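>>> A structural model of the following input is requested.
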Amino acid sequence: MPLHWTIHPSATFAVLSVTDPHSFEEWRATVLEMLAATSELNSRMSLLVDRRHATPPSSDEVKQMVQFFEAQRWTLSGRSAAIVVSDDAGFGMARMIELRSRLELPDGIMRVFRSYDAAVAWLKGQADV
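Residues are numbered from 1 along each chain as shown. Below you'll find the model as predicted:
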């Protein structure tokens, strides 16, 4: 299954695991499911997007993702999100998402990481704020 999500054992954030191949529509449906479920538990629950086993999104996919985030503004408001990638190309595309999301989601905080453990530590620190 190229996309699936779980609640981290710490119960402070949800983890979306992304592998290839997948379509934007599959990504969208999985994220909507995750947001609905986590909103019931904690409307400010943080998110970790693990893209270490996926190719970087295209520019068009980045645009679609940012538009999706804008449409979900109220559901994402106040949440922190970490994106974990494995290479320079993935880091660059995820940084584009991070920077564009700052304009569209001023109440949310998104950061890109190359280390899963660093992303987890950051999210746990955000939960303490």
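>>> the bottom helix or strand of this structure by mean pLDDT?
Ranked by mean pLDDT, DSSP states H and E, the weakest helix or strand in the chain is helix 73-76, scoring a mean of 82.
>>> Give me the packing partners of it, helices and strands only.
Under the contact definition 3 or more C-beta pairs under 8 Å, 6 or more residues apart in numbering; DSSP states H and E, helix 73-76 sits against helix 24-41. For every residue, glycine as well, the C-beta is placed using N, CA and C.
>>> could you point out which element follows the helix it packs on?
As assigned by DSSP states H and E, the chain's next helix or strand after helix 24-41 is strand 46-53.
>>> Pull the distance from that next one to the chain's centre.
Offset of strand 46-53 from its chain centre (C-alpha atoms, centre = their mean, to the nearest Å): 6 Å.
>>> can you give me the strands in this structure?
Assigned by DSSP state E, the chain shows strands spanning 3-7, 13-19, 46-53, 80-84, 109-113.
>>> Deepest in the core, which of those strands is it.
strand 80-84 (a mean of 24; mean count of other C-beta atoms under 10 Å).
>>> Show residues contacting that strand.
Here strand 80-84 makes contact (C-beta atoms under 8 Å, 6 or more residues apart in numbering) with 13, 46-52, 94, 97-98, 108-116, 119-120, 122-123, 126.
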